[in-house]
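*Asks:* Next come a sequence and a model predicted from it.
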Amino acid sequence: MEANRSEISAADESEEVTYTSIKFSQTPPPRAKAPQEKRATCLWSAVLKGLVIGFGTLSISLAIAFIWKMSDCQPHCPQQWVAYRGSCYSFSMEKKDWNSSQESCRAQGAHLLVISDTLEMDLFKRIQAECFWIGLRNNTSSGWIWEDGSVLSDARVHSNSPVQNCAVLMKDQFHASSCEVLAPWICEKTLR
């Protein structure tokens, strides 16, 4: 039994627990503070740089969106219409009488062409089509009147008969025609 006792005491001795005490100070040593300050400075620098880049990108994006929106606000003509000096023009491919042509233009929010000045007339002189209905009609008491109510002045309407009360634009001149003749037409509306 004595041998067993010596084994037990040797085992007790080997399992001895050693305690030590460690004291932590409240402030880190001066050398430990310097790397943390460098990291904090680098971190704030990176954050500020990221914010500047982010705000710069946002500003550019907003500027592009604003310019894009402004271009959407610019007046434009419907597809297949031609823009010139604040108006939109549509040239028909089909043929109708003067009244039906006028109705077709009105259905599109337009009216038959009213030529208001020589610059506009110069544009239509370039058209070499046979003829187009325009918004000019003979009123027996007032003479030739445009659809907008203005009187034709400084121009002559070529006529062969007193029953020709509607006008066509033929090459670069106004010609009187019977309103029942079938012809293509030109619609005009304000640029929107």
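*Replies:* Great, that's in hand. Residues are numbered from 1 along each chain as shown.
*Asks:* What are the contacting residues of stretch 107-116?
*Replies:* For stretch 107-116, contacts defined as CB atoms under 8 Å, 6 or more residues apart in numbering pick out 78, 88-90, 98, 101-102, 105, 121, 124, 132-136, 146-148, 150, 169, 185-189. C-betas here are computed from N, CA, C, even on glycine.
*Asks:* Could I get the buried residue list for that stretch?
*Replies:* Buried residues in stretch 107-116, counting neighbours by 16 or more other CB atoms under 10 Å, are found at 110-115.
*Asks:* picking up where we left off before, show me the contacts of stretch 107-116 that map onto strands.
*Replies:* Assignment to strands by DSSP state E places the following of these there: 88-90, 132-136, 146, 169, 186-189.
*Asks:* Next, format those as CSV and append neighbour count, distance to Asp154 and pLDDT.
*Replies:* Formatted as CSV, these follow (neighbours: other CB atoms under 10 Å; distance: CB to CB, whole Å; pLDDT from 0 to 100):
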residue, neighbour count, distance to Asp154, pLDDT
Cys88, 22, 25, 94
Tyr89, 18, 22, 92
Ser90, 19, 26, 94
Phe132, 20, 20, 93
Trp133, 31, 21, 95
Ile134, 24, 16, 94
Gly135, 24, 17, 95
Leu136, 24, 13, 94
Trp146, 19, 13, 92
Leu169, 23, 16, 91
Ile186, 25, 20, 94
Cys187, 24, 24, 96
Glu188, 23, 19, 95
Lys189, 17, 24, 94
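*Asks:* now, which of these sits nearest His175?
*Replies:* The shortest gap between His175 and any of those belongs to Leu169, at 7.9 Å (CB to CB).
*Asks:* From the ones in strands among the contacts of stretch 107-116, pick the one nearest Leu43.
*Replies:* Of the ones in strands among the contacts of stretch 107-116, the one sitting nearest to Leu43 (CB to CB) turns out to be Cys88, at 59.5 Å.
*Asks:* roughly how far apart are that closest one and Glu180?
*Replies:* As judged by CB to CB, to the nearest Å, Cys88 and Glu180 stand 28 Å apart.
*Asks:* So what touches stretch 145-158?
*Replies:* Applying CB under 8 Å, 6+ apart, the contact partners of stretch 145-158 are 102, 111-112, 114-116, 135-139, 142-144, 167, 173-176.
*Asks:* hmm, 7 Å instead?
*Replies:* 111-112, 114, 135-137, 139, 142-144, 167, 173-176 (CB atoms under 7 Å, 6 or more residues apart in numbering).
*Asks:* So which of the residues you listed are in strands?
*Replies:* Residues of the contacts of stretch 145-158 located in strands (DSSP E): 111-112, 135-137, 139, 143-144, 167, 173-176.
*Asks:* Which pair in the residues you listed has the greatest spatial separation?
*Replies:* Between any two of the ones in strands among the contacts of stretch 145-158, the greatest separation by CB to CB is 21.1 Å, found for His111 and Gln173.
*Asks:* pLDDT below threshold where in this structure?
*Replies:* In the predicted model of the chain, residues 1-41, 52, 54-75, 127-129 satisfy pLDDT under 70.
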